[in-house]
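1. Sharing a model prediction with you, sequence too.
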Amino acid sequence: MQGYFILFSLAAVAFDIILHSILLKREGIKAIHFGGTDKKDYLIPPFMILYFYLIIAYTFDLPKIGSLMTESSTAAWVGAVLCICAPIVFFWGIYSFGKSFRVGIDKNSPGNLVSSGAFAVSRNPLYVAFMMILVGVFLIFPVWIFFVYLIIGMWRIDHQVCLEENALRKIYGREYDDYCNRVRRYI
């Protein structure tokens, strides 16, 4: 049952990214810069397709990889709560971003440095939401494949954050350094 919460979270986050990107495009702002800085980004979609399939497979009892390592209804409900809260954190981050929202690094017209709203609590609220989903999925379906996705996903997010921080330091300089001294990277 908790698998439905994962599907809701993923659908809500994907819808919000698409909607916000379309709204920005109408204002002449290119929000999607996927693969512009790191060509290895193009390796992500096949792994995400498998991840989505596995979540659907475990939710609807379709053919899957692996078996449950342990079962805990308490852990599964904690995972469900994380998956319910993740889109809320994500929406707050997108709303706080306003016209500065980008997928990937935009060195040409990055918008203003955002340090209010969700960004006054975390420098990376959207990534925190993704991490919440990764942890939630593993708690709901404690299978080795989801554990591997959790570890690799956390590493990949941290890698992307470091790339973005380097770019933001070059773009905003001292203003960004001051912001980093006030607000934590994640939580």
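-> Here it is on my side, so go on.
2. Tell me which other helices or strands the top helix by length along the chain touches.
-> What stands out as the longest helix in the chain, according to DSSP state H, is helix 144-172. Helices and strands touching helix 144-172, by 3 or more C-beta pairs under 8 Å, 6 or more residues apart in numbering; DSSP states H and E, are helix 44-60, helix 125-140, helix 174-182. The way it works is simple: take the backbone N, C-alpha and C, and place the C-beta from them, glycine included.
3. Quick check: buried residues in that helix?
-> Within helix 144-172, the residues that count as buried by 16 or more other C-beta atoms under 10 Å are 145-146, 149-150, 153, 156-157, 160, 164, 167-168, 172.
4. got the angle for it vs helix 125-140?
-> 170 degrees (axes from the mean of the first three to the mean of the last three C-alpha atoms, to 10 degrees).
5. for the record, mean pLDDT for helix 144-172?
-> Averaging pLDDT along helix 144-172 gives 94.
6. Setting aside sequence neighbours, what's the nearest residue to residue 71?
-> residue 142 (7.5 Å; C-beta to C-beta, 6 or more residues apart in numbering).
7. ugh, wrong one, I meant residue 35
-> Residue 35's closest residue in space is residue 41 (C-beta to C-beta, 6+ apart), at 4.2 Å.
8. What distance do you get for that neighbour to residue 162?
-> 14 Å (C-beta to C-beta, to the nearest Å).
9. which regions of this protein lie under the pLDDT threshold?
-> Scanning the chain for pLDDT under 70 picks out the ranges 36-38.
10. Look up how far residue 48 lies from the most centrally placed residue in it.
-> Nearest to the geometric centre of the chain sits residue 130, at 3.0 Å (C-alpha atoms, centre = their mean). According to C-beta to C-beta, residue 130 and residue 48 sit 11 Å apart.
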